[in-house]
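Student: what's the 3D shape of this:
(one chain, ligands or ions: 2)
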Amino acid sequence: QKPVTVSRLQQMKQNGERIVCLTAYDYAFGALVDAAGVDVVLVGDSLGMVMQGRETTLGVTVDDIVYHSRCVAVARKRALIMADMPFMSYASTGDALRNAGRLMKEGGAHMVKLEGNGDQAELVTRMSRAGIPVCAHLGLQPQFVHKIGGYRVQGKDESAAENMLRDAKLLEAAGADALLLECVPAAVGARVAQELHIPVIGIGAGPECDGQILVLHDMIGLTPGRVPKFSHNFMDGQSSLADAVEAYVQAVRAGRFPGAEHSF
Ligand code: KIV
Ligand code: NA
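Tutor: Residues are numbered from 1 along each chain as shown. Ligands and ions are numbered 1, 2, ... in the order given. Modelled structure (predicted):
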C-alpha cells in the first residue's frame, strides 16, 4: 500500500480516478477510514462542531487541530492527511507559515487547507515556496459565516460563478496543490474541475468534481439535528461503521455519490 502523495492526487485527476476524502479527528476513526481506502483524511475545523459542540468553526484553535491531527496521524498508514488552518491563524504571512508549520511538524499533516478567495494567492505562493502543500477552499467558507450572514449556496449567479472560476485559477497559478469547493451549483463545480489542472474536491458541489468529501459524523448518522442536503447516511443498510465507510468509498469511486438529489 503506497502512501498517497500530492503527485498521486494529481495523477488521479489526470487518470479520471475519483479521489475519496473524509474527515476524521481521532485514532479509532482515523484507522477505520484509512483502512477503508479513503485517499485524503481531513482534520477539519468542523471538529469545532462535531467534537466540541460549538455553533461555528470560529473558536477552533491551532492547538485543537494539532491535537486531533496527531491522533489521526498515529493511525494513518496510507491516506494523505490534510489539516485545516483555523480562523485567524493565517491573517498574516508570518502567522500562516508558523501555524502551518505546527500542523505539519507537530500534527503530522501533509497538506493544509485555508479559506479565502483570490486575494490569498500571494500567501499561497509564500507557503508553497516554504514547502507547505496547500489546498484552497472556495464556495461556502464557514469561517466567513458572520460576513455572509449564514450558510448558503455560493456562486449562484453568473458573475459570482465567474469570480469563483477566476479565483480558482489565481490560486492554482499561485501554487495551490488542490482546491476544495463547498456548496456551489453542480454546473459550477463541473466547470471549475474541468478548467483547473489541480484536483478539485467537492462537498455539495455536484458529481463532476475530481473528488468528494463529507463530514464523517454526517455520513454515519451521528450528527444531532439537521444534516445538510448534500450528505447521505451511509449507515443505511450497513451493520458496521467499517461497512458504511467502505460503502461511501465505493459509491464515490464508482461515481454513484453524490447524485442529483445531493446537488444544487
Ligand atoms: O472542516 C471541514 O470538515 C471542512 C469540510 C466541510 C470540507 O472544511
Ligand atoms: Na473546514
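Student: need the helices for this structure, in chain order.
Tutor: Remark: helices assigned in the chain by DSSP state H are 6-15, 27-35, 47-50, 62-75, 93-105, 121-129, 145-148, 158-174, 186-195, 216-219, 241-253.
Student: Near ligand 2, which residues of the stretch 51-200 of the chain? Just list them.
Tutor: Residues of the stretch 51-200 of the chain lying close to ligand 2 by C-beta under 5 Å from the ion are Asp84. (Each C-beta comes from the backbone N, C-alpha and C, glycine too.)
Student: How much space separates the residue of the stretch 51-200 of the chain found nearest ligand 2 from Ser7?
Tutor: Nearest residue of the stretch 51-200 of the chain to ligand 2 (C-beta to the ion) works out as Asp84 at 4.5 Å. Here Asp84 is placed at a distance of 22 Å from Ser7 (C-beta to C-beta, to the nearest Å).
Student: returning to that earlier point: out of the helices of the chain, which gets nearest to His137?
Tutor: Of all the helices of the chain, helix 158-174 sits nearest to His137, with 9.4 Å by C-beta to C-beta.
Student: Could you export the closest one as CSV, CA atoms only?
Tutor: What follows is helix 158-174, C-alpha atoms only, in CSV (Å, rounded to 0.1, in the frame of the first residue of the first chain):
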residue,chain,number,x,y,z
GLU,A,158,-23.3,34.2,-13.5
SER,A,159,-21.0,36.9,-12.1
ALA,A,160,-20.4,35.1,-8.8
ALA,A,161,-19.6,31.9,-10.7
GLU,A,162,-17.2,33.8,-13.0
ASN,A,163,-15.4,35.3,-10.0
MET,A,164,-15.1,31.9,-8.4
LEU,A,165,-13.5,30.5,-11.5
ARG,A,166,-11.1,33.4,-11.7
ASP,A,167,-10.2,33.0,-8.0
ALA,A,168,-9.6,29.3,-8.5
LYS,A,169,-7.3,29.9,-11.4
LEU,A,170,-5.4,32.5,-9.4
LEU,A,171,-4.9,30.1,-6.5
GLU,A,172,-3.8,27.4,-8.8
ALA,A,173,-1.3,29.7,-10.5
ALA,A,174,-0.1,30.8,-7.1
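Student: is it possible to export the helices of the chain to a markdown table including mean pLDDT and mean neighbour count?
Tutor: Converted to a markdown table, the helices of the chain look like this (pLDDT from 0 to 100; neighbours: other C-beta atoms under 10 Å):
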| stretch | mean pLDDT | mean neighbour count |
| --- | --- | --- |
| helix 6-15 | 98 | 15 |
| helix 27-35 | 98 | 20 |
| helix 47-50 | 97 | 22 |
| helix 62-75 | 99 | 21 |
| helix 93-105 | 98 | 18 |
| helix 121-129 | 98 | 18 |
| helix 145-148 | 95 | 11 |
| helix 158-174 | 98 | 17 |
| helix 186-195 | 98 | 20 |
| helix 216-219 | 98 | 22 |
| helix 241-253 | 98 | 19 |
